[in-house]
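Asker: Below is the structure, and that's it, no one-letter string:
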């Protein structure tokens, strides 16, 4: 019988160490690039936000609570978050519809329609607000026919919702569109061959695969709408307790040199934005796990 050749203990002991010393990162200069990234984020993001929080410390807790819970401020919270949520829900439905049409159908002018989806990204928000006001005001192209019927879309909360729908639509479309393009049509064909109706195919086959992307687009559209200012102030009317958004409250306090009060309201908005950011990241991680990609 031939005896098995002994394994050198020195090779077994040094193999992991050699692998550790010889391992190379995909991108060179990791330490330098990481240091530059942290430095850049500190200058651009962390230091300004820290200054915002530290400025709020000039207020006592009673003053802070009075600043952020005044009736006018609370009314702006309700309008800002309520209008943002409603606009995100509308974009959730129609964004999915637009993405579906762009992915599943071929028609003349499809590339033009696809490019128009990105228009709110490229258009300055102030220009968007002025354009919507000129369109929906009482003497506008559309408003002049609607106001005699008792439908007023400008200079009230209705105009705010319309402006937020306009700026938030691309987030849903561009989030859902690539997922629809990558979906496996063989599963739909198999469901059809088994006798499933169109509604059953959508509800049981298509919707589960696009739901993470759909929720991510909804969260991004909602977060974008909460902080919107430029496109809203022109069409809102800016009437206190009626059509005044929270960013306008902050601008008003700054114009009155109430810097501490402005930063107090801004800190509340900042805290809510952080929560929204965590929700978006959680939804994106869920989407990656759902798709089978590494988180």
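Answerer: Structure's in. What do you need? Keep in mind that this is a model prediction, so the values were computed, not measured. Numbers count the residues shown, from 1 in each chain.
Asker: from the middle of its chain, how far away would the helix or strand hosting residue 260 be?
Answerer: Assigned by DSSP states H and E, residue 260 belongs to helix 259-291. Centre-to-centre, helix 259-291 and its host chain are 10 Å apart (Cα atoms, centre = their mean, to the nearest Å).
Asker: if we look at stretch 137-150, which residues are touching it?
Answerer: With Cβ atoms under 8 Å, 6 or more residues apart in numbering as the contact definition, stretch 137-150 has outside contacts at 133, 134, 135, 136, 152, 153, 154, 155. Where C-beta positions appear, they are placed from N, C-alpha and C, glycine not excepted.
Asker: tell me the strands in the chain, going along the chain?
Answerer: Taking DSSP state E as the test, none of the chain falls into strands.
Asker: what residue ranges in it score low on pLDDT?
Answerer: Along the chain, segments meeting pLDDT under 70 span 1-28, 284, 287-288, 290-295.
Asker: List phi and psi for residue 228.
Answerer: With angles defined as degrees, to the nearest 10, residue 228 sits at phi -70, psi 140.
Asker: That one and residue 211, how far apart?
Answerer: Distance, residue 228 to residue 211, by Cβ to Cβ, to the nearest Å: 26 Å.
Asker: Settle it for me: which of these two has more neighbours?
Answerer: Taking other Cβ atoms under 10 Å, residue 228 and residue 211 do not tie; residue 228 has more neighbours (24 against 16).
Asker: ok, that one touching residue 164?
Answerer: Yes. The pair residue 228 / residue 164 is scored as a contact, 6.0 Å apart, by Cβ atoms under 8 Å.
Asker: what do these two both touch?
Answerer: Common contacts of residue 228 and residue 164 (Cβ under 8 Å, 6+ apart): residue 84.
Asker: Tell me which residues of the helix holding residue 260 come out buried.
Answerer: Across helix 259-291, burial judged by 16 or more other Cβ atoms under 10 Å covers 260-270, 272, 276, 279-280, 283-284, 287.
Asker: For that helix, name the packing helices and strands.
Answerer: Packing partners of helix 259-291 (3 or more Cβ pairs under 8 Å, 6 or more residues apart in numbering; DSSP states H and E): helix 47-56, helix 61-68, helix 71-104, helix 207-226, helix 246-255.
Asker: which of those helices is buried the deepest?
Answerer: Highest mean neighbour count of those: helix 207-226, a mean of 21 (counted as mean count of other Cβ atoms under 10 Å).
Asker: Which strands or helices does it pack on?
Answerer: Counting contacts by 3+ Cβ pairs under 8 Å, 6+ apart, helix 207-226 packs against helix 71-104, helix 157-182, helix 259-291.
Asker: Put together JSON lines for these, with distance to residue 32 on each row.
Answerer: JSON lines is the format used below for these (distance: least, Cβ to Cβ, whole Å):
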{"stretch": "helix 71-104", "distance to residue 32": "40"}
{"stretch": "helix 157-182", "distance to residue 32": "33"}
{"stretch": "helix 259-291", "distance to residue 32": "26"}
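Asker: Of all those helices, which one is nearest residue 126?
Answerer: helix 157-182 (11.1 Å; Cβ to Cβ).
Asker: Buried residues, that closest one. List them.
Answerer: By neighbour count with 16+ other Cβ under 10 Å, helix 157-182 contains the buried residues 157-177, 179-180.
Asker: and that helix with helix 71-104, angle?
Answerer: Taking axes from the mean of the first three to the mean of the last three Cα atoms, to 10 degrees, one finds helix 157-182 and helix 71-104 inclined to each other by 30 degrees.
Asker: Which residue is the nearest non-sequential neighbour of the most centrally placed residue in the chain?
Answerer: The centroid of the chain falls nearest to residue 220 when counting by Cα atoms, centre = their mean (1.5 Å). Closest residue to residue 220 apart from its sequence neighbours, by Cβ to Cβ, 6 or more residues apart in numbering: residue 171 at 4.3 Å.
Asker: and the one you found, how far is that from residue 56?
Answerer: Where residue 56 is concerned, residue 171 sits at a distance of 30 Å (Cβ to Cβ).
Asker: same deal with residue 62?
Answerer: 13 Å.
Asker: now stretch 42-58, how far from the centre of its chain.
Answerer: Per Cα atoms, centre = their mean, the centroid offset for stretch 42-58 relative to its chain is 23 Å.
Asker: do the same with stretch 140-152
Answerer: Here stretch 140-152 is found 32 Å from its chain centre; the criterion is Cα atoms, centre = their mean.
Asker: Appreciated, that's everything.
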